[in-house]
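[1] here's my sequence, what's the structure:
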Amino acid sequence: MGPADLLDKASCGHQQQDTNSVFEKLRTPSPNSPPQRSPRSPVAPCRPSRFKLWRMAVSDVTSTRDTRPEVRLATCAPFSAQFPEASILKRLGYLTIMTPRDLLYMRSTFVFDSRFWVTRFSAEVLSKSVSFRFFGVKHDDTDTEPLENEELLNNLLTIGVDVHMARKRQPGVFNKMGTNEQGLKMFLMSKGASKKVIASIISRYPRAMTRKVESLSERWDLWKRIMTSDLEIINVLERSPESFFRSEDNQNLEKNIEFLYSVGLSDQLLRRLLNNAPRTFSNSLHLNKQMIALLKKVSLSLGHSDPEDFIRKIIFKNPFILIQSTKRVKANIEFLQSTFNLNNEKLLILICGPAAEILDISTDYAKKNYMNIKEKLVSLGCTEEEVLKFVLSYPDLIFLGEKKFSDKIDCLLEENISVAQIIESPRILDSSISTLKSRIKELVNAGYDLRTSKLNLLSWSQKRYKAKLKKLNIE
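    So this is what the prediction gives:
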């Protein structure tokens, strides 16, 4: 009689045997009977009983056949009628679960109710011997977060660092044990930085404390190739500490400096880059080479005879261009040419001059803002040609979002300024609405006729405007 036959008889109630003897026979199948898979029984879904879950590890599972027995897991109540074989396992206090290639065999430590988990499996696999062991997991309610470096905190408070700001910006630094805040402080003080500046630098870029003094000294000397004094470097660090402390790759910095000199950039242009867009020197050399190659290609395609001169002009007008993606710059050049119907010569003049700054903004943003300008002015009676001339005369208008542009136009119209006057003086839209309103009021009180006079003074600097207003009041 095979193992499957024994299971069938036990499950159908045809033969009452002692539980231990039945299980023993199941573990020693007859050599004459080939192993058979027991027929499947219907699975009735129902809710499992409440029980306490134990973690378990099973090892040394042996298998003599490369088979993948199917698993059917269900809960039933009552179980004895539909699954008599399960009563055998219940009496033995075992719960057997099948997984592909492996057998999980667990001694139950909970009391079976009228509902329990049952598995359907091959009798052959059941007969395989397995070993198992239990293990416990210690539950620890203590805080698992790494402790902050108390000595570091005390040092930072002594220096005057805004610890709250620093922790918010780069919290991981406070868990490090090998920080160099004292060395950083002494290094910067030796270069002429005040305690206030040092505290500001660390507060905004705490990672500076992880840099070694030797590396900082080497990097400082490389910057001194461009800057004329330590004070200039300190001013850059105060504005943008990340530009100096972000990287320790001094070789990459040196290669970038040499490369930018090689493409014809002067000391003045490199200082402009370091003051306005210091991330240029933290870029990988490959990225800077890509952008320079693109600008050379654009220069030649537009008929410029001196690519290096073209590059110098664009970088002087827009020092941020080297930290933009080549894809964005190329898309913006195409947008300007197609939108304003420019030939190569006019496009070259535009991007080397007033439109240079537009090259690094989002192309979608530029398109959206231009369409808003066009719709607003056309609705006020302007022609498309007038709109083109208006934007080309001052391309920075493209930086104005939809609401800002519309609100400023409406504000000027409310003050009895005509659309034609606005078209003639596009720079006045650089001023805020509050500035426009206050200046218009002051000029009217001073007897200035805005309807017949130029509006340029609405966009003048505060110093220049006050001098003009004072002169008007005297007159």
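[2] neighbouring contacts of stretch 324-338?
    For stretch 324-338, the surrounding residues in contact (C-beta atoms under 8 Å, 6 or more residues apart in numbering) are 290-291, 294-295, 298, 321, 342, 347, 350-351, 355, 358-363, 366-367. Where you see a C-beta, it was placed from the backbone N, CA and C, and this is true even at glycine.
[3] how close does residue 417 get to residue 458?
    Counting by C-beta to C-beta, to the nearest Å, the gap from residue 417 to residue 458 is 9 Å.
[4] how about residue 286?
    Remark: distance between residue 286 and residue 458 (C-beta to C-beta) = 46 Å.
[5] what mean pLDDT does the helix or strand residue 256 falls within get?
    Remark: residue 256 resides in helix 250-262, with elements defined by DSSP states H and E. On average, the pLDDT along helix 250-262 is 95.
[6] which is the next helix or strand following that helix?
    That would be, after helix 250-262 and using DSSP H and E, helix 267-276.
[7] now for that next one, which elements pack on it?
    For helix 267-276, the packing partners by 3 or more C-beta pairs under 8 Å, 6 or more residues apart in numbering; DSSP states H and E come out as helix 230-239, helix 250-262, helix 307-317.
[8] residue 245 versus residue 207, what's the distance?
    Distance from residue 207 to residue 245, by C-beta to C-beta: 6 Å.
[9] same check, this time on residue 447
    Distance, residue 447 to residue 245, by C-beta to C-beta: 56 Å.
[10] compare those two (neighbour count), which wins?
    Taking neighbours as other C-beta atoms under 10 Å, residue 447 and residue 245 compare with residue 245 leading, 23 against 9.
[11] surely that one and residue 208 touch.
    Yes - look at residue 245 against residue 208 with C-beta atoms under 8 Å: they come within range, at 4.0 Å.
[12] need the overlap of contacts for these two.
    Looking at what touches both residue 245 and residue 208 (by C-beta under 8 Å, 6+ apart), the common residues are residue 201.
[13] on that earlier part again, between residue 286 and residue 458, which has more neighbouring residues?
    Higher neighbour count among residue 286 and residue 458: residue 458, with 21 against 8, using other C-beta under 10 Å.
[14] would you check that the more buried one makes contact with residue 442?
    No - in this structure residue 458 lies outside contact range of residue 442 using C-beta under 8 Å: 10.5 Å.
[15] residues of the helix or strand residue 294 falls within that come out buried?
    Assessed by DSSP H and E, residue 294 sits inside helix 285-301. Buried residues in helix 285-301, defined by neighbour count with 16 or more other C-beta atoms under 10 Å: 285, 287, 288, 291, 292, 294, 295, 296, 298, 299.
[16] what's it in contact with?
    In contact with helix 285-301 (C-beta under 8 Å, 6+ apart) are residues 252, 255-256, 259-260, 263, 280, 306-307, 310-311, 314, 321-322, 324, 326, 329-330, 333, 344, 348, 351.
[17] mind giving me the PyMOL command for buried ones among those residues?
    Applying 16+ other C-beta under 10 Å to these, the buried members can be selected in PyMOL as follows:
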select buried, resi 252+255+256+260+263+280+307+310+311+314+321+322+324+329+333+348+351
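[18] can you tell me the helix or strand for the spatially closest residue to residue 152 that is not a sequence neighbour?
    Nearest residue to residue 152 in three dimensions, chain neighbours excluded: residue 179, at 5.3 Å (C-beta to C-beta, 6 or more residues apart in numbering). If you go by DSSP H and E, residue 179 is not part of any helix or strand.
[19] any figure for the gap between residue 179 and residue 208?
    10 Å.
[20] against residue 190, how distant is the residue nearest to residue 188 when sequence neighbours are not counted?
    Distances taken as C-beta to C-beta, 6+ apart place residue 198 nearest to residue 188, at 5.0 Å, with adjacent residues excluded. Plainly put, residue 198 is 11 Å away from residue 190 if you go by C-beta to C-beta.
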